[in-house]
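Q: next come a sequence and a model predicted from it.
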Amino acid sequence: MSKSVTIRVDDQLHALLKERAAAEGSTVTALITQAAYEAVRDPRLEGAAEVFRSFIAEQGDAFDAAFPDDAPGRGDTSGRAA
């Protein structure tokens, strides 16, 4: 369920929001919602997926050797252990 939030902006900001939304094929609401998500996003997660991929690329073989029963099958693309 979504909640409604009302904010007040001056005419100039509203015009800029409408212009940007039109240029992106979006809506003012969508722009403000995205900005709100970005405002509360945890900055510690920035780049976390890339760090994880890098770790796996560098250390995956060592992990597989240390825990052979938990290593995914080489032909298994489901992401589950073999």
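A: Arrived safely, thanks for sending.

Q: just checking, what packs against the helix or strand that contains residue 56?
A: Using DSSP states H and E, residue 56 sits in helix 48-66. If you count contacts as 3 or more Cβ pairs under 8 Å, 6 or more residues apart in numbering; DSSP states H and E, helix 48-66 packs onto no helix or strand. Where C-beta positions appear, they are placed from N, C-alpha and C, glycine not excepted.

Q: let's have the chain start at 55 instead
A: Will do, 55 is the new start, and the previous item becomes helix 102-120.

Q: any chance you could list what contacts that helix?
A: residue 125 (Cβ atoms under 8 Å, 6 or more residues apart in numbering).

Q: buried residues, that helix. List them.
A: Using 16 or more other Cβ atoms under 10 Å as the test for burial, helix 102-120 gives no buried residues.

Q: what average pLDDT does it get?
A: Across helix 102-120, the average pLDDT comes to 88.

Q: run the chain-centre distance for it.
A: How far helix 102-120 lies from its chain's middle: 20 Å, per Cα atoms, centre = their mean, to the nearest Å.

Q: okay, residue 58 and residue 86: tell me how far apart.
A: Using Cβ to Cβ, to the nearest Å, residue 58 is found at 12 Å from residue 86.

Q: more neighbours, those two?
A: Between residue 58 and residue 86, residue 86 has the larger neighbour count (other Cβ atoms under 10 Å), namely 15 against 4.

Q: tell me the secondary structure for the more buried one?
A: Of the three states, residue 86 takes helix under DSSP: H, G, I helix; E, B strand; the rest coil.

Q: residue 92 too?
A: helix.
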